[in-house]
Structures are given as structure tokens and as C-alpha cells.
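Chemist: the following block contains a protein sequence and its predicted model.
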Amino acid sequence: MSKAKSICDRVYAVGGSSLSVPEDAFVYLVDAGSELVLVDSGVGYSASRIEGNIRSLGFEPSRVWHIIATHCHIDHIGGLFTWKERYGSKIIAHELDRAAIEGENNALTAASMYGVDYKPVKVDNLLAGQAQELTLGDMKFNFLHTPGHTPGSICVYIDTRDGRVLFGQDIHGPFSPDWGSDLNMWRDSMQKLLALRADVLCEGHAGVYRGDKVSKYIESYLNRYS
Ligand SMILES: [Zn+2]
Ligand SMILES: [Zn+2]
């Protein structure tokens, strides 16, 4: 397994199918100065590998004070329990995916597809509405509600020395009525992402896109589901 890698100013990949275990969505680490922030947490049983990857960058996992759960699927939220138990990390998620993350509706997590027992956690910081800002460490994190893949899917962007970095975890879908997917909402969400004119896109399964490849990637999926 390869180790963690630097993506740009402030941002690292510390988990993912080639970095931790094959079932993991990408887990991104933001060095927010006085604290570390994770974007998603992997499927669960990879938590120790992700910790090791964080240490390999010279960071201490106990400084992960916040984890952003981009949506309620197991390959993104399975590790939340371990981080909370070991380090007391606080979970940020949108209220429309809260019930699944807190264990009230296991079908929405898709855990059975992965053959994983999901250990639920309480969400500490519930996002509501279309857009919200939070200062974590010394950075401003901008949260956008981007429903479509799931009702409570969110995307996050930060402005760094290398430009605007967008975390868009499951831009590509897939879509299923079992999780409350909605293609019309998804199309509107993709337009919101295009309007951000991000310089770097950190995607949940496809990896990292830069420059004009960011909009090309999003537009290719809009064309596919037009
Ligand atoms: Zn995913
Ligand atoms: Zn998903």
C-alpha cells in the first residue's frame, strides 16, 4: 500500500482505495494550523492505517479535532466511531443525512452492500440550509448543501495558497432510490459546484483534478446524466 500524499498547500490524501483499504473512499486531511480536519473517514476497519498515514506526514492523529462527513455512505462514515472513541473528534454533517449517521436508518448507509456492521455516532455539528461557513483552526471552511447522491450530501471548499480546493466526494454518483437519490437536485448541485471555479477538485473515488480538468470532470457527468 502506498502512503499518504500531498495534494497542494494544506491538503493531503491519507486514505483511499490505494492508500488504506480497497473499500475506502478517499480520506483527505486539511492542515488547518492549530488543528487537523478530516474529510470523511473510510469504511471503518482501515482507521489504524489512516492514522499511520497521518503520522507518516509528521502529524499527530490526536489533533484531528473535526471530521466532515460528506454524506451517509459507509465508505465515508465507517471510521467516524473509531476517531470519536480514540480522539474525541467532533463530527460535522448535514441534518438531512443525520438519521443514517446516528444509526436510525441503516439501509441509507449502504453498509450491507459492503458487508460491514456500521457503528453509529452522534453528529456534533449539524449543518442546515444551503450554505454555511465554519472556522476550523485558522481556516474558513465553506459548506454547500449539494443534494442528489443522498439528500444530505455536502461539498466543502477552502481557499489556499494554491487556489480554491473543492472536496466533492461523490460527484459521480451512483444514484439509487434506496438512498433517496434525486437526479434533478443533483444537476442543480453540480451547477453550484461549477460556479465555484475551483482550482483543485478532491473527489471521493476518482482522485484529484486540477485546472480546467475540474469543470471538465463535473461536466462529463452532467452530460452522462442529462
Ligand atoms: Zn463513496
Ligand atoms: Zn456515496
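Modeler: Perfect, I can see it now. Since the model is a prediction, treat every value here as computed from it, not as a measurement. Residues are numbered from 1 along each chain as shown. Ligands and ions are numbered 1, 2, ... in the order given.
Chemist: how much space between Ser46 and Leu19?
Modeler: For Ser46, the distance to Leu19 equals 9 Å [CB to CB, to the nearest Å]. Using the backbone N, CA and C atoms, a C-beta is placed for each residue, glycine as well.
Chemist: ok, those two, which is more surrounded?
Modeler: Ser46 (26 against 21; other CB atoms under 10 Å).
Chemist: got the contact list for the more buried one?
Modeler: Contact partners of Ser46, counting by CB atoms under 8 Å, 6 or more residues apart in numbering, are Gly15, Ser20, Val21, Glu23, Asp24, Gly79.
Chemist: and the lowest-mean-pLDDT helix or strand in the chain, how far out from the chain's middle?
Modeler: Within the chain, no helix or strand scores below helix 111-114, which has a mean of 88 by mean pLDDT, DSSP states H and E. Counting by CA atoms, centre = their mean, to the nearest Å, helix 111-114 is centred 18 Å from the centre of its parent chain.
Chemist: okay, that helix in PDB with CA atoms only?
Modeler: Provided in PDB are the C-alpha atoms of helix 111-114 (Å, rounded to 0.1, in the frame of the first residue of the first chain):
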ATOM      1  CA  ALA A 111     -23.400  -0.900   4.800                       C
ATOM      2  CA  SER A 112     -24.900  -4.200   3.800                       C
ATOM      3  CA  MET A 113     -23.500  -3.800   0.300                       C
ATOM      4  CA  TYR A 114     -20.100  -3.700   1.900                       C
END
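Chemist: that older thread, helices - which of the contacts of Ser46 land there?
Modeler: Using DSSP state H, no member of these falls in helices.
Chemist: quick revisit: against which helices or strands is the least confident helix or strand of the chain packed?
Modeler: Helix 111-114 sits against helix 74-77, with contacts defined as 3 or more CB pairs under 8 Å, 6 or more residues apart in numbering; DSSP states H and E.
Chemist: buried sites along the helix or strand following the helix it packs on?
Modeler: Downstream of helix 74-77, the first helix or strand assigned by DSSP states H and E is helix 80-87. By 16 or more other CB atoms under 10 Å, the buried positions in helix 80-87 come out as Leu80, Phe81, Thr82, Trp83, Lys84, Tyr87.
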